[in-house]
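**Q** coords please:
(2 chains)
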Amino acid sequence: MTSQAFWILVALEFRRSRRSLVRIGVFLLAVMVISLMVESPTSVLTFGLAVVGGALGMQIPVDALQDRLTGSLEVLTTLPVTPFTLAAARLTAVVLVAALGAVPMAAAGGIVGPAFLEDTGLIRIIMAAFLGAWTMLSAMSAVLLAVLLRFKVKPLVSYGAMVALGMLLGAGYLYDRLFGSPMRLIQAVMASDHTLAIAVGSALVGSAVVLTASFVLTRRGFEIYQPEPDAMDW
Amino acid sequence: MAGVRLRGLSVRYSNFLLEPMDLDIDLGERVALVGANGAGKSTTLKAVAGRLRDYEGRVEVGGGDIRPRLPGIRATIGFLPERPLGFGWMTIDQHLRFLSTFFPTWDRDYERELLARLELPGTSKVGTLSRGMSVKLSLVTAEAHRPPILILDEPTTAIDPVMRRELLKIIGDCAPTGGDRLVLFSSHILEDVEFIAERVVLMRRGRILEDVTTQELQERDPGAPLSQILVSALESDD
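**A** Below is the predicted model of the structure:
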């Protein structure tokens, strides 16, 4: 029963997001068509693939927010299944959809990568881009999912998004000032198997920590979720 | 399986207090909670249905405290909440198919029978249903797995008079007197109480005023309609 419930809940996440996923697919087609019509197809296509990959990979938490905003989250929290199962199913969907999002990002990496990493094989670049994008999208998506479920939505929407965006831009600016283009870091990491192994190991440990923390937050979010008691709903 | 036992059930919100309450309901009973808004009916029903997290006291269903048996115990309780629930993007059929997988005793034939009796089209999107249709769908989701405990919060709200009669018949059929199931429900419509219940718990401002059978109520004024006697009982001083 628990295993069956788990997979049904995973399928629910995909079903809820299927329209968004189709829309993103249509956007991807549009990007490809536009890239064939302009003078610099590579930059348009690369940018488009990165955007599509990011949007695709983050779709589950964005669509799952609907549940909270419409009150249908209560359907899940009142089922005879544990918060553990609910959280595990949702995070599994997050990781699977992040893998889908990593595919266009890997393609983008395959297009621009060889120009910066001349001594690295194309397959190796694509695989690295895929794994890097998958890890990054999984972690970011899991954090977003956990935060949107665990904490009150209104202040998050009002201030949280602005603060998060500001911090992201600030961190990007600081990184650029201190270390230069991220490509230099990537070049340095890919230069030898040793540095690559350290980077991959660190990324895996880091994402495992982030995913575990997100799981704990998500499980707790399901456990304590209560719709705001309406003034007359006693 | 035993029925429902509340011992010292108490709930505190910022602007509301459900005072410690004791209540016993056996299988085979049909009991109505009656009272004005803010009496504590919905809170009591949510506690019995295992939907309330923060409360004091003990809620027993089927002979044991529900707290350590959550969430599995919910499979034996059917609950129609005051605010109907559902995934708006699903059709009624999809919604019921989704829910059915979580309830081992879900009866697909019975589900279809209920849909037909309540004139619910399975292809309609849950998000497009009127309030009355949503209430009817909630009744199907609460009842299709034939739970021993059926909890209904304002089951006839926003239902047209003809369909209301059919819905009341379904509720009556669900738990025949002396059977192995119980119905606990709340309603502002006193005619519904008269139609379904054989026992009434009168509530006011978070506490129980009276717990009486409809027969005992009727004996207070044999010639008067029960709804009128109920209004008098609710209006009387403590």
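**Q** give the contact list for the closest residue to B:T123 other than its chain neighbours.
**A** Nearest non-adjacent residue to B:T123, counting by C-beta to C-beta, 6 or more residues apart in numbering or on different chains: B:T91, 5.4 Å away. Quick note: C-beta positions are derived from backbone N, CA and C, even for glycine. When contacts are counted by C-beta atoms under 8 Å, 6 or more residues apart in numbering or on different chains, B:T91 touches B:G122, B:T123, B:S124, B:K125, B:V126.
**Q** before we move on, what about B:I25?
**A** Counting by C-beta under 8 Å, 6+ apart, B:I25 has contacts B:G3, B:V4, B:R5, B:V31, B:L182, B:L184, B:R199.
**Q** got it, and B:S130?
**A** Here B:S130 is in contact with B:A158 (criterion: C-beta under 8 Å, 6+ apart).
**Q** over to A:Y173. Which of the three states is it?
**A** helix (DSSP: H, G, I helix; E, B strand; the rest coil).
**Q** would you map the helices across the chain?
**A** If you meant another chain, say so; for now it's chain A. With DSSP state H as the criterion, chain A has helices at A:2-37, A:41-57, A:59-70, A:73-77, A:83-116, A:122-150, A:153-155, A:161-179, A:182-190, A:193-224.
**Q** nope, chain B
**A** Taking DSSP H to define them, one finds helices in chain B at B:41-48, B:92-100, B:108-117, B:131-143, B:161-174, B:190-196, B:214-220, B:226-235.
**Q** quick check: the nearest residue to B:E82 once chain neighbours are set aside vs B:A142, distance?
**A** Excluding the flanking residues, the one nearest B:E82 by C-beta to C-beta, 6+ apart is B:D153, at 4.2 Å. Distance of B:D153 to B:A142, given as C-beta to C-beta, to the nearest Å: 10 Å.
**Q** what are the bridge partners for the residue nearest to B:T123, then?
**A** Beta-bridge pairing for B:T91 (DSSP bridges): B:K125.
**Q** look up how far B:R117 lies from it.
**A** From B:T91 to B:R117 the distance is 19 Å (C-beta to C-beta).
**Q** center of chain B, which residue is that?
**A** In chain B, the C-alpha nearest the mean C-alpha coordinate belongs to B:L152, at 1.8 Å (C-alpha atoms, centre = their mean).
**Q** remind me which residues of the chain are low pLDDT?
**A** Picking chain A for this. A:1, A:153-158, A:160-161, A:181-182, A:227-234 (pLDDT under 70).
**Q** wait, chain B was what I had in mind.
**A** B:1, B:237-238.
**Q** show me which residues of it are close to chain A?
**A** Residues of chain B lying near chain A by C-beta under 8 Å from any C-beta of the partner chain: B:13, B:15-16, B:18, B:37-43, B:51, B:53, B:71-75, B:79, B:81-83, B:85-89, B:98-99, B:101-104, B:127.
**Q** of those residues, grab the buried ones for ChimeraX.
**A** This is how ChimeraX selects the buried members of the residues of chain B next to chain A, with burial counted by 16 or more other C-beta atoms under 10 Å in any protein chain shown:
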select /B:16,18,38,39,40,41,42,43,51,71,73,74,75,79,81,82,83,85,86,87,89,98,99,102,103
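**Q** circling back: quick one: which of the contacts of B:T91 is nearest to A:L91?
**A** B:V126 (25.7 Å; C-beta to C-beta).
**Q** backbone dihedrals for the residue in chain A that chain B sits nearest to, both of them.
**A** Proximity of chain A to chain B (C-beta to the nearest C-beta) peaks at A:P80, 4.1 Å away. Main-chain dihedrals, A:P80, degrees, to the nearest 10: phi -80, psi 50.
**Q** so who does it touch?
**A** Counting by C-beta under 8 Å, 6+ apart, A:P80 touches B:P71, B:G72, B:I73, B:R74, B:A75, B:F102, B:F103.
**Q** circling back: who's in contact with the closest residue in space to the residue nearest to the centre of chain B that isn't next to it in sequence?
**A** Closest residue in space to B:L152, ignoring its immediate chain neighbours: B:F185 at 3.8 Å, by C-beta to C-beta, 6+ apart. For B:F185, the contacting residues are B:30-33, B:45, B:150-153, B:155, B:171, B:196-197, by C-beta under 8 Å, 6+ apart.
**Q** list buried residues within the contacts of B:T91.
**A** Buried, going by 16+ other C-beta under 10 Å: B:V126, out of the contacts of B:T91.
**Q** going by distance to chain A, which of the contacts of B:T91 wins?
**A** Minimum distance to chain A across the contacts of B:T91 is 8.6 Å, recorded for B:V126 (C-beta to the nearest C-beta).
**Q** just checking, the closest one touches B:L96?
**A** No: contact criterion C-beta atoms under 8 Å: B:V126 and B:L96 do not qualify, at 9.8 Å.
**Q** and for residue 197, the neighbour number?
**A** This is for chain A. By the other C-beta atoms under 10 Å in any protein chain shown criterion, the neighbourhood of A:A197 contains 11 residues.
**Q** could you do chain B instead?
**A** B:A197 is flanked by 24 other residues according to other C-beta under 10 Å.
**Q** not counting residues beside it along the chain, what's closest to it?
**A** In space, B:A197 is closest to B:A32, 3.7 Å off (C-beta to C-beta, 6+ apart).
**Q** for that neighbour, what are its contacts?
**A** Per C-beta under 8 Å, 6+ apart, neighbours of B:A32: B:F185, B:S186, B:S187, B:V193, B:I196, B:A197, B:R199, B:V200, B:V201.
**Q** tell me the contacts of B:I92?
**A** B:L115, B:L120, B:P121, B:G122, B:T123, B:S124, B:V126, B:L129, B:L137.
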